[in-house]
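Next come a sequence and a model predicted from it.
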Amino acid sequence: AIGSAHLKLLELAKLISPPTSSAEQWLIVIGAFWIAYSDGSFDISERREVAKICSDTEFADLHKLGEEQEDPDYFFQSMFEEAISGLEIKKTKKAILIDSVVAIARADGRVSEKEKEVLFKIADKLELDHRFVSHSLGKIR
């Protein structure tokens, strides 16, 4: 029952993805929401950072969708996995995606262990070496 409900919500989420958004940009947006919800604390500084990378009504729609979920972390992870399947992304775009989601994780002044875990999961999904995440985390703001 929960699985079919998630599939229905994924279909709904696809509908709210604006057609002007590139597949890579959509992946960054979903990754940002995944990171933001990963540690259970989607605070105002993270919201501001996520909103910056969203177009039109993406932020409001996805934030509302996330708040309606029993487990938004799992929901956005599922969306990310769906969005990345079959995509061919160049390494430079993958690095940009990692930098973007690291910026979201850092928005509240710290990167929690749960956020680091998700960053490494994103790197795995992108087939990127974990050194990209470590390098991005080590950059001075």
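Yep, that arrived.

This structure: helices as residue ranges?
2-16, 23-38, 44-53, 58-67, 72-84, 91-106, 113-125, 130-138 (DSSP state H).

mean confidence score for the first one?
Translated: helix 2-16. Across helix 2-16, the average pLDDT comes to 60.

my guess is Phe132 meets Lys94, correct?
Yes. The pair Phe132 / Lys94 is scored as a contact, 7.4 Å apart, by Cβ atoms under 8 Å. From N, CA and C alone the C-beta is placed, and that goes for glycine too.

What is the burial count for the closest residue to Leu97 other than its chain neighbours?
Nearest non-adjacent residue to Leu97, counting by Cβ to Cβ, 6 or more residues apart in numbering: Ile28, 5.3 Å away. Using other Cβ atoms under 10 Å, Ile28 is surrounded by 24 other residues.

what residues are up against the residue nearest the centre of the chain?
The geometric centre of the chain, computed from its C-alpha atoms, lies nearest to Gly31 (Cα atoms, centre = their mean), at 1.2 Å. By Cβ atoms under 8 Å, 6 or more residues apart in numbering, Gly31 lies in contact with Phe80, Leu97, Ser100, Val101, Ile122.

If you rank the residues you listed by neighbours, which is first?
Neighbour counts for these peak at Val101, which has 31 neighbours (criterion: other Cβ under 10 Å).

In this structure that residue contacts Phe33, no?
No. Using Cβ under 8 Å, Val101 is not in contact with Phe33; the gap is 9.7 Å.

which residues are common contacts for those two?
By Cβ under 8 Å, 6+ apart, no residue touches both Val101 and Phe33.

Buried residues of stretch 49-67, list them for me.
Neighbour counts over stretch 49-67 (16 or more other Cβ atoms under 10 Å) mark Glu49, Val50, Ile53, Cys54, Glu58, Phe59, Asp61, Leu62, His63, Leu65, Gly66 as buried.

Could you report the neighbour count for the nearest residue to Leu128 once chain neighbours are set aside?
Closest residue to Leu128 apart from its sequence neighbours, by Cβ to Cβ, 6+ apart: Lys94 at 5.3 Å. As a burial measure, Lys94 scores 19 neighbours (other Cβ under 10 Å).
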